[in-house]
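In: okay, structure incoming, though there's no sequence with it:
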C-alpha cells in the first residue's frame, strides 16, 4: 500500500535518499480548467483555477553544480550536472526539473540541488502535475538561492522549459495557472497577449468535483491533432477575405456568419465552437466578478454542449457524467475538462453537497457502464510557497 503523503514522510524520504541530509519543502498547485476548451491554441481566453493538490519538492543546495533527483512516483535516481549536455530523453522523468533549473541558470547561475519529489495530484486526471512540478522546482531553486524572481517570470520560464527542453508543445495556461495562483482565486488568461486577471472563486461557497470517466485519450492524439488541423485550415480560408485575422479568437461572430460559405461543414462546426467559447469565457469572467454562480454554471453547461456537438471531444462516458452531475440542483454547472476524448468532467458544486452529488453521479454511471468512476473533491488552491515548519502538521 502506498504511503500516505505528509510533510514528515517527505522529509523522511529525503533523509533516506540523501544520507540524512536536511531539507526545505516547497509546493506548487495543479490546476483544472474551468472554461475555455480548445481555444488556447487559437489565442483565446481561458479561466483555469489552481487546486489544493499539487507537487511538493524537498530540496537542499549542494556545493557543486550537480543535481540529484528522486521521486515517490518513479524508481531510480536521476543525476546531472548543470554544466553537462543532456537531453530530455536521457533524463526521462527528471527532464522537467532539470529543464526548469537550466532555464533559471541561464539568468542566475545556480548551485546544484538534491531534490525529492512527491505529487498529490490524482494520476491521469488531467490536472497538470507537470506544470506544478516545473513551478515547484523553480520556486525551490529561487528561494534557496535568495533570488528575487516573480511569479510571472517563473510562469514563463516553466513554459519555456516544457516546450523547449522537454519538447511538449503546450500552451501557456498550465504554467501560468500554477505560478500565478492565489487562495480562493481563479485566473482569467488571454493566451494571445498573456494578459491576466485574478477572479474571485471562494472555496467557502463551492467545491470542485473532478469526475473521472476512467477512459483515456492517449490513443486519440490523432483526434486532437485533427481538430487543430481542421480549425487551422478554416483560419487559412478566412484569411483570404480577412487578411488581418491573426487567430480564430479574433474572429467576430458576424464575420463568421458572413463568410461561413468558404468553409466545409466540419470547419464551420469547429469555428462555431471557438467563436462561441471565447464569448462564453468572457461571460463567465463577468459572472465570477459579481459572484453569480448560476450564470457562471450556465456558461459551463453551454461550453460542454458546444464541445460535444461542434468540436466533438465528448465520448459516451463523459456525456453520462456531465448529464448526471448537471441534473443536481446543488451543481451550478459541469463540463468536460482538459482535451476531452476521455478523461474527466468538472462539476462546480455548492459547498456541503459533495457527498450527495458524488453518490448520484456514481449510481448513474454504474448503471450505464457497470464500472465505478473516481470522484475527486477539490478546492481552489493557494500560491506556490515554501512550507514553513509551523505548518508542517497541517499538510
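Out: In hand now; what should we look at? Bear in mind that the values here come from a model prediction, so they are computed numbers and not experimental data. Numbers count the residues shown, from 1 in each chain.
In: low-confidence ranges in the stretch 101-250 of the chain?
Out: 124, 217-221 (pLDDT under 70).
In: the same query, at a cut-off of 50, please.
Out: The stretch 101-250 of the chain contains residues with pLDDT under 50 at 218-220.
In: what about the strands in it?
Out: In the stretch 101-250 of the chain, the segments counted as strands under DSSP state E, counting those that start in this stretch are 113-119, 185-190, 196-200, 206-212.
In: quick one: those as JSON lines, columns for distance to residue 364 too.
Out: Using the backbone N, CA and C atoms, a C-beta is placed for each residue, glycine as well. As requested, the strands of the stretch 101-250 of the chain are exported to JSON lines (distance: least, CB to CB, whole Å):
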{"stretch": "strand 113-119", "distance to residue 364": "30"}
{"stretch": "strand 185-190", "distance to residue 364": "28"}
{"stretch": "strand 196-200", "distance to residue 364": "31"}
{"stretch": "strand 206-212", "distance to residue 364": "10"}
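In: for residue 69, which of those strands is the nearest?
Out: strand 113-119 (4.8 Å; CB to CB).
In: pull out the buried positions in that closest one.
Out: Judged by neighbour count using 16 or more other CB atoms under 10 Å, the buried positions of strand 113-119 are 113-119.
In: just give me the closest of the residues you listed to residue 296.
Out: With CB to CB as the yardstick, the closest approach to residue 296 among the buried residues of strand 113-119 comes from residue 119, at 29.0 Å.
In: tell me the mean pLDDT over the longest helix anywhere in the chain?
Out: Taking DSSP state H as the criterion, the chain has its longest helix at helix 265-289. Across helix 265-289, pLDDT averages out at 98.
In: what helices or strands is it leaning on?
Out: strand 24-35, strand 45-61, strand 185-190, strand 196-200, helix 221-239, helix 253-259, helix 293-309 (3 or more CB pairs under 8 Å, 6 or more residues apart in numbering; DSSP states H and E).
In: make CSV from the ones you listed and add distance to residue 155 and mean neighbour count to it.
Out: CSV is the format used below for the helices and strands packed on helix 265-289 (distance: least, CB to CB, whole Å; neighbours: other CB atoms under 10 Å):
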stretch, distance to residue 155, mean neighbour count
strand 24-35, 11, 26
strand 45-61, 12, 25
strand 185-190, 10, 22
strand 196-200, 9, 16
helix 221-239, 23, 16
helix 253-259, 31, 14
helix 293-309, 24, 20
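In: wait, which of the ones you listed is closest to residue 147?
Out: Taking the helices and strands packed on helix 265-289 one by one with CB to CB, strand 45-61 is closest: 12.2 Å.
In: partners of the next helix or strand along the chain from the closest one in the sheet?
Out: Next along the chain after strand 45-61, taking DSSP states H and E as the criterion, comes strand 66-71. Its sheet considered, strand 66-71 pairs with strand 78-81 (antiparallel), strand 113-119 (parallel) by DSSP bridges.
In: strand 66-71 vs strand 45-61, what angle?
Out: Orientation check (axes from the mean of the first three to the mean of the last three CA atoms, to 10 degrees): strand 66-71 against strand 45-61 gives 120 degrees.
In: pLDDT of strand 66-71, averaged?
Out: Mean pLDDT, strand 66-71: 97.
In: just how off-centre is that strand within its chain?
Out: 24 Å (CA atoms, centre = their mean, to the nearest Å).
In: residues making contact with it?
Out: 13, 17-18, 62, 76-82, 93-94, 97-98, 101, 112-118 (CB atoms under 8 Å, 6 or more residues apart in numbering).
In: if we go to 7 Å?
Out: Applying CB atoms under 7 Å, 6 or more residues apart in numbering, the contact partners of strand 66-71 are 17, 77-82, 93-94, 97-98, 101, 112-117.
In: same thing with stretch 196-206?
Out: With CB under 7 Å, 6+ apart as the test, stretch 196-206 has contacts from 47, 49, 176, 180, 182, 184-189, 285, 288-289, 291, 293, 348-351, 379-380.
In: what about 8 Å?
Out: Counting by CB under 8 Å, 6+ apart, 47, 49, 176, 180, 182-190, 285, 288-289, 291, 293, 332, 348-351, 379-380 sit against stretch 196-206.
In: ditto for stretch 243-251
Out: 39, 42-45, 191-192, 231, 234-235, 238-239, 242, 271, 274-275, 278.
In: swap the cut-off to 7 Å and go again
Out: Under CB under 7 Å, 6+ apart, the answer for stretch 243-251 is 39, 42-44, 192, 231, 235, 238-239, 271, 274-275, 278.
In: just send these back as a markdown table, with distance to residue 162 too.
Out: As requested, the contacts of stretch 243-251 are arranged in a markdown table below (distance: CB to CB, whole Å):
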| residue | distance to residue 162 |
| --- | --- |
| 39 | 20 |
| 42 | 20 |
| 43 | 19 |
| 44 | 20 |
| 192 | 19 |
| 231 | 23 |
| 235 | 25 |
| 238 | 30 |
| 239 | 29 |
| 271 | 28 |
| 274 | 24 |
| 275 | 29 |
| 278 | 25 |
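In: which member of the residues you listed is positioned nearest residue 9?
Out: So of the contacts of stretch 243-251, ranked by how close each gets to residue 9 (CB to CB), first place is residue 39, at 40.0 Å.
In: nearest residue to the closest one other than its sequence neighbours?
Out: residue 277 (5.1 Å; CB to CB, 6 or more residues apart in numbering).
In: and if you look at residue 5?
Out: Per CB to CB, 6+ apart, closest to residue 5 is residue 120, 5.3 Å.
In: give the contact list for that neighbour.
Out: Taking CB under 7 Å, 6+ apart, one finds 5, 53-54 in contact with residue 120.
In: gap between the residue nearest to residue 253 when sequence neighbours are not counted and residue 40?
Out: With CB to CB, 6+ apart as the criterion, residue 253 has its nearest non-adjacent residue at 5.5 Å, and that residue is residue 275. Relative to residue 40, residue 275 is positioned 15 Å away (CB to CB, to the nearest Å).
In: sounds good, over and out.
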